[in-house]
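Chemist: Give me the fold of what follows.
(chains A, B, C and D)
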Number of protein chains: 2
Amino acid sequence: MISARVHYACLALFELAMRADDTTPVAVREITDKHNIPGPFLVQILRPLRAAGWVQSVRGSHGGYRLSVDPSQITLLDIAEAMGCQDRNSHLSETPTKSAIALQHAWDEANEASRAVLSGLRLSDMVERCHHGEATMFYI
Amino acid sequence: MISARVHYACLALFELAMRADDTTPVAVREITDKHNIPGPFLVQILRPLRAAGWVQSVRGSHGGYRLSVDPSQITLLDIAEAMGCQDRNSHLSETPTKSAIALQHAWDEANEASRAVLSGLRLSDMVERCHHGEATMFYI
DNA sequence: ACAAACATGATCTACTTAGTCAAGTATGGT
DNA sequence: ACCATACTTGACTAAGTAGATCATGTTTGT
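Modeler: Down below sits the predicted model:
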């Protein structure tokens, strides 16, 4: 359900958010090293993030990336959707039966439930969680 | 998130559940015709359903399938899991960072939310929904 | 000029899903 | 006994996606 792209994108954004007070840009290399993200893969993941206006890139020597929005403005759902993953969640034909429609509603409900969770988690929340340790924050 | 296999499996089980009072088995052909399921594909979908003990097969002429459990005993989550879909939901390496752990918790939460929806929908509920029409049952 | 670092587009491989096929086995009707 | 019907099993193919890599170009600081 969650692709590696989305996961890596989130890790990169966390990293940028955590270093947002420092004005010097963060090199791709620093992120891939710290989070074990396969080298040039992150580059193509950062593209949609830049297209979404969430990060800025600085070219040339000492270049890198910088967060360009407030971390409380982005949710995990936003990130997941920006990465343009394929959803094969519609199974309705042109002439769906009652069963198929009822079933599709069920899938939609389930999907909506997980989207609700992700849309409730902002980038700022996640950064806070990382700083406070994870022991007491999950109640599942 | 929901594969065609799971969708088809549910449709087949709906059909069997709706005709459970009739004791004559339902031929695969009848199900594929009614629900536009590609021919021999349903056959291999019925296999895990039989393995789970939810359907019985009758061989030979006038054979077919019959539901062998109470429809209130099976949930959509049960069906989805019985179809053995791949989950690529764990993104943790051997030495995960705090960020990766916090993020994985978020994915798990989202996943759990949708599982909760599916585990709340029993086969009997779905059959009822099909019979009553779908207008008033969803509140999203 | 040179090196560091981002930009872009093409490409490759492995895996999963969806769907098909063929040969075999069991059962009921004639 | 024979035959049509219908399930059983396992192998197989096709297409699409995710994950990852590479080569080449461009920008900027020293």
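Chemist: tell me which element the spatially most central residue of chain A falls in.
Modeler: Centroid check for chain A by Cα atoms, centre = their mean gives residue A:79 as the closest residue, at 3.2 Å. In this assignment (DSSP states H and E), residue A:79 forms part of helix A:76-82.
Chemist: Need the nearest residue in space to residue A:91, chain neighbours excluded.
Modeler: residue B:7 (4.3 Å; Cβ to Cβ, 6 or more residues apart in numbering or on different chains). All C-beta spots, glycine's among them, are computed from the backbone N, C-alpha and C.
Chemist: That neighbour contacts residue A:102, correct?
Modeler: No - applying Cβ atoms under 8 Å, one finds residue B:7 not in contact with residue A:102, separated by 11.7 Å.
Chemist: Can you list the buried residues in the longest helix anywhere in chain A?
Modeler: Using DSSP state H to define each element, chain A has its longest helix at helix A:98-119. Going by neighbour count (16 or more other Cβ atoms under 10 Å in any protein chain shown), the buried part of helix A:98-119 is A:99-100, A:102-111, A:113-115, A:117-119.
Chemist: Could you list the low-pLDDT ranges of chain A?
Modeler: Across chain A, the ranges flagged by pLDDT under 70 are A:133-140.
Chemist: check which helix or strand covers the residue of chain A at minimum distance from DNA strand D.
Modeler: Closest contact between chain A and DNA strand D, by Cβ to the nearest atom of the strand, is at residue A:60 (2.0 Å). Under the criterion DSSP H and E, no helix or strand holds residue A:60.
Chemist: now residue A:31
Modeler: Judged by DSSP H and E, residue A:31 forms part of helix A:28-35.
Chemist: what's the answer for residue A:24, then?
Modeler: Assessed by DSSP H and E, residue A:24 sits outside every helix and strand.
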